[in-house]
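In: structural data only, the sequence is not supplied:
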């Protein structure tokens, strides 16, 4: 379940609430009891840390390093006359 962040337009009170995605947004502020709560858009709390999944985990043979130099392609540096080497 995601944690939603709310702010009251009337008093500025902020709160976080753990809710189901299908749950109705909160309306009433617990601080001033006005029906002025708005759900805020905030960054997700998702972080990959520690020993985890890497690019090479499920690749075999020559497919291990896709981020490096592509195999089978010649160096395309232009020469003095402008043509590729």
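Out: Perfect, thanks for sending it. Since we're looking at a predicted model, the values are computed, not measured.
In: other residues contacting stretch 13-21?
Out: 1-8, 26, 29-32 (Cβ atoms under 8 Å, 6 or more residues apart in numbering). Backbone N, C-alpha and C define where each C-beta goes, glycine included.
In: what about the strands in this protein?
Out: 3-8, 14-18, 37-40 (DSSP state E).
In: pick the most deeply packed of those.
Out: Across these, the average number of neighbours (mean count of other Cβ atoms under 10 Å) peaks for strand 3-8, which reaches a mean of 16.
In: relative to strand 14-18, how tilted is that one?
Out: 150 degrees (axes from the mean of the first three to the mean of the last three Cα atoms, to 10 degrees).
In: strand 3-8 pairs with which strands, and in what direction?
Out: With DSSP bridges as the test, strand 3-8 is paired with strand 14-18 (antiparallel), strand 37-40 (antiparallel).
In: export the contacts of stretch 13-21 to JSON lines and tack on distance to residue 17 and pLDDT?
Out: JSON lines is the format used below for the contacts of stretch 13-21 (distance: Cβ to Cβ, whole Å; pLDDT from 0 to 100):
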{"residue": "1", "distance to residue 17": "10", "pLDDT": "80"}
{"residue": "2", "distance to residue 17": "10", "pLDDT": "85"}
{"residue": "3", "distance to residue 17": "7", "pLDDT": "88"}
{"residue": "4", "distance to residue 17": "5", "pLDDT": "92"}
{"residue": "5", "distance to residue 17": "8", "pLDDT": "94"}
{"residue": "6", "distance to residue 17": "6", "pLDDT": "96"}
{"residue": "7", "distance to residue 17": "12", "pLDDT": "97"}
{"residue": "8", "distance to residue 17": "13", "pLDDT": "97"}
{"residue": "26", "distance to residue 17": "6", "pLDDT": "96"}
{"residue": "29", "distance to residue 17": "12", "pLDDT": "96"}
{"residue": "30", "distance to residue 17": "10", "pLDDT": "95"}
{"residue": "31", "distance to residue 17": "14", "pLDDT": "96"}
{"residue": "32", "distance to residue 17": "17", "pLDDT": "96"}
